[in-house]
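# Coordinates for the following, if possible.
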Amino acid sequence: YYTISTVIIVLGVVFYFKNGGFNLGVDFKGGRSYVYGFEKGMNTEDVKKTLAVSFGGEAPEVKTAGSTSKLKITTSYRINENTVDADKQVEQALEKGLTSLNTKFEPLSSQKVGPTIATDIIYSAYGAVLFSCLLMFLYIVLRFKKWQYGLGAVVALFHDVLVVLSCYTILNKMMPFSLEIGQDFIAAILTVMGYTMTETVVVFDRIREKLAESGKTDVHGEERNKIINFALNSTLSRTILTSLTVFFVLLVIFIFGGDAIRGFIFALLIGRVIGTYSSLCISTPIVV
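Numbers count the residues shown, from 1 in each chain. A predicted model of the protein is given here:
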């Protein structure tokens, strides 16, 4: 199991450098983001080249937003100018470029995040994840009276975050929808951490219960391993059934929930599977 997890994380690191980093959303890198609907399917590269001319050679990022007739256009053009006039000029340059494509279009949504705000959001995201890990470590240590349980839980949390990030970097250009990392992704990561902690506490409770029933809470070696293995097997069906229930609900939302939340739900789907896996196959071996 350590090997499986290590391979996924190493692949994530390789694709991170190959793709030039994470696919950060406007929340984290700053810029203006617009979603436009077109009367027919559009080629993103053609749109990108056309807009690069109207933006003075600065090519924007153009992606499909669920279908080829709906495009998400992100640009950092004049982002350091926080004036109403600058906003209007960017929109005028955008519409000028889109008009030259000779296809009817309409604006659907827009978003703007300045570079200072984006930096603050990044630090807040790091703080939220690390602070959550610290609190969960303290909770597990206080509940189970052994630091080994706390260590196993925190390793599982970091493992889940790294695996979900790795999946995002590996699958970024393979999926038919955007895998941007923004504030909604951080919300998904914190939710995944909550899932993992819930499953881990259930598993650890069963281990403590079986050790207490055997009257050998301080037993070591092969005998202890057999007791822990029995505890894992006794909670296995409950863990899998609970995870599948949540997974199927998330799958329905993923299919029918719309483009706006697809990336967020995708992170939860991966996290649900990985959270169940880590609570059984990563955190418990760490405790042992």
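
# lowest-pLDDT helix or strand in the protein?
Least confident helix or strand of the chain, by mean pLDDT, DSSP states H and E, is helix 26-29 with a mean of 72.

# which other helices and strands contact it?
strand 105-113, helix 115-144 (3 or more C-beta pairs under 8 Å, 6 or more residues apart in numbering; DSSP states H and E). C-beta: built from backbone N, CA, C; applies to glycine.

# Who are the contact partners of Ile181?
For Ile181, the contacting residues are 22-25, 28, 165, 168, by C-beta atoms under 8 Å, 6 or more residues apart in numbering.

# on that earlier part again, nearest to Ala188, of the helices and strands packed on helix 26-29?
helix 115-144 (11.5 Å; C-beta to C-beta).

# for the helix or strand just after the closest one, packing partners?
Where DSSP states H and E defines the elements, the next helix or strand beyond helix 115-144 is helix 147-171. When contacts are defined as 3+ C-beta pairs under 8 Å, 6+ apart, helix 147-171 sits against helix 2-18, helix 115-144, helix 183-214, helix 262-281, helix 283-287.

# sec struct for Met42, please.
coil (DSSP: H, G, I helix; E, B strand; the rest coil).

# For it, give its distance to Glu61.
Distance of Met42 to Glu61, given as C-beta to C-beta, to the nearest Å: 14 Å.

# Check Cys167 too.
Taking C-beta to C-beta, one finds Cys167 at 21 Å from Glu61.

# Among these two, which residue is more densely surrounded?
Cys167 (22 against 19; other C-beta atoms under 10 Å).

# you'd agree the more buried one is up against Ile270?
Yes. Counting by C-beta atoms under 8 Å, Cys167 touches Ile270, with 5.1 Å between them.

# so who does Gly263 touch?
177-180, 184-185.

# If I look at it, what pLDDT would I see?
Here, the pLDDT recorded for Gly263 equals 82.

# List the buried residues in the longest helix seen in the chain.
Scanning the chain for the helix with the most residues, using DSSP state H, yields helix 221-256. Residues of helix 221-256 classed as buried: 224, 227-228, 231-232, 235, 239, 242-243, 247, 250, 253-254 (neighbour count, 16 or more other C-beta atoms under 10 Å).

# Now for Val22, which secondary structure element holds it?
Small correction: residue 22 is Phe, not Val. Residue-wise, Phe22 maps onto no helix or strand under DSSP H and E.

# which ones are touching it?
By C-beta under 8 Å, 6+ apart, the neighbours of Phe22 are 16, 165, 168-169, 181.

# Please produce JSON lines containing the residues you listed, extended by pLDDT and distance to Asp87.
Shown next, in JSON lines, are the contacts of Phe22 (pLDDT from 0 to 100; distance: C-beta to C-beta, whole Å):
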{"residue": "Tyr16", "pLDDT": "90", "distance to Asp87": "33"}
{"residue": "Leu165", "pLDDT": "91", "distance to Asp87": "33"}
{"residue": "Tyr168", "pLDDT": "89", "distance to Asp87": "30"}
{"residue": "Thr169", "pLDDT": "90", "distance to Asp87": "32"}
{"residue": "Ile181", "pLDDT": "81", "distance to Asp87": "25"}
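
# how about the residues you listed, which pair is most distant?
Tyr16 and Ile181 (11.4 Å).

# where does this protein have low pLDDT?
80-82, 84, 114-118, 215-220, 260 (pLDDT under 70).

# tell me, how many neighbours does Gly66 end up with?
Gly66 has 16 nearby residues by other C-beta under 10 Å.

# ditto for Ser283
26.

# ok, it to Val203 distance?
Ser283 is 7 Å from Val203, by C-beta to C-beta.
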